[in-house]
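Novice: Below: sequence and its predicted model.
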Amino acid sequence: MMAGLRERKKEQTRRRISEVALRLFDERGYDAVTVNEIAEAAGVAKVTLFTYFPTKECLALDGVADDTAAVVAGRRDGQTPLDALREHYRAMGAQGAGDLDVEGMLTRVRVISASPALLAGVQQAHAGQRYELAAALQDVHPGLTAQLMAAQITAAITTLQEAFFQRLATGVPPAEAGRSLAEEVELAFDLLEHGFSSIKGEKS
C-alpha cells in the first residue's frame, strides 16, 4: 500500500518537473532556461530534479524515442519480432489520441523544432533506439540483417509519428488523426513484412 503511494508521488513529481520545464522552454526558449530555474519553479531541489532527469536535454526529449528493443525482447514464445512490433503499434494506433495530452505534445514538438541542439538530440535518440533494436534482433536475424531491419523499422515508426503530429498540428481532430494512424500502422508493417510489391498496382 505504502509502496504504491510512494510510486504515485514519484510519478506526480516527475510529471510536475516535466510540465514546468516544457512551459519554461516554450515561453523563453530552451537555451535561455537553466536547470536551477526549472527546479525552483517546480518546487524541488536540484538534486531531486536530476534524480528524474539526468540532464537538461532529457527534460525536453522526455518520451521522444520508443523502446522498440524491449518490445522485441518481451515478445511471446513463437512470435516474430515484426509481429510483436506490429501488435504493439496496432494497439497504439487503436488508442489514437486517447488520453494523450495533445497540447503538451505539440508544445514539445515546437520546443524541439526551435532548437538545433534538441533536433540533434532527437537524431541521437533515434540512433540509439536503432542500435538497441538491432541488438535485440540479433538472436533471430544475426549480423547485418538485424542492422538493416532495425534501420527500416525505426524509419517507418518515425515517419508514422511525424505524420500523426503533423495532422494534430494542423488542427485535425484527435479522433480523426487516430483513425488515420491506425490505418497507417497496418500499411507500414505490411511494407516492412512484404516489401513494396505488397502495394496494389506495384509490379514486381
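Specialist: Everything's here; your move.

Novice: drop to CA atoms for contacts and neighbour counts, all remaining ones
Specialist: Fine.

Novice: what's in contact with stretch 94-108?
Specialist: 22, 26, 60-61, 165, 168-169, 174-175, 177-179, 181-182 (C-alpha atoms under 8 Å, 6 or more residues apart in numbering).

Novice: From these, list just the buried residues.
Specialist: Neighbour counting by 16 or more other C-alpha atoms under 10 Å classes 22, 26, 60-61, 165, 168-169, 174, 177-179, 181-182 among those as buried.

Novice: Contacts only, for residue 26.
Specialist: By C-alpha under 8 Å, 6+ apart, the neighbours of residue 26 are 107, 108, 110, 111.

Novice: can you tell me which of the contacts of stretch 94-108 are in helices?
Specialist: Judged by DSSP state H, the contacts of stretch 94-108 include 22, 26, 60, 165, 168-169, 174-175, 177-179, 181-182 as members of helices.

Novice: hmm, back to that, can I get the contacts of residue 26 in JSON lines including neighbour count and distance to residue 151?
Specialist: Formatted as JSON lines, these follow (neighbours: other C-alpha atoms under 10 Å; distance: C-alpha to C-alpha, whole Å):
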{"residue": "107", "neighbour count": "17", "distance to residue 151": "28"}
{"residue": "108", "neighbour count": "21", "distance to residue 151": "25"}
{"residue": "110", "neighbour count": "14", "distance to residue 151": "26"}
{"residue": "111", "neighbour count": "23", "distance to residue 151": "26"}
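
Novice: from the ones in helices among the contacts of stretch 94-108, which is closest to residue 88?
Specialist: Using C-alpha to C-alpha, residue 182 is the member of the ones in helices among the contacts of stretch 94-108 that lies nearest residue 88, at 11.5 Å.

Novice: need the contacts of stretch 94-108 in TSV with pLDDT and distance to residue 121, can you?
Specialist: Listed next are those as TSV, based on pLDDT from 0 to 100; distance: C-alpha to C-alpha, whole Å:
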residue	pLDDT	distance to residue 121
22	94	16
26	95	17
60	92	10
61	91	8
165	87	18
168	85	23
169	85	22
174	83	27
175	83	30
177	87	26
178	84	27
179	87	30
181	89	25
182	88	28
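
Novice: Mind telling me the two of these farthest from one another?
Specialist: Applying C-alpha to C-alpha across those, the maximum distance is between 26 and 182, 29.9 Å.

Novice: Now do the buried residues in stretch 122-139.
Specialist: For stretch 122-139, using 16+ other C-alpha under 10 Å, the buried residues are 122, 125-127, 129-137.

Novice: tell me which of the buried ones among the contacts of stretch 94-108 is nearest to residue 81?
Specialist: residue 182 (19.4 Å).

Novice: Mind listing residues that contact stretch 43-53?
Specialist: Taking C-alpha under 8 Å, 6+ apart as the rule, stretch 43-53 contacts 14, 17, 35, 36, 39, 40, 59.

Novice: Pull out the buried members of the residues you listed.
Specialist: Counted by 16+ other C-alpha under 10 Å, the contacts of stretch 43-53 give 14, 17, 39, 59 as buried.
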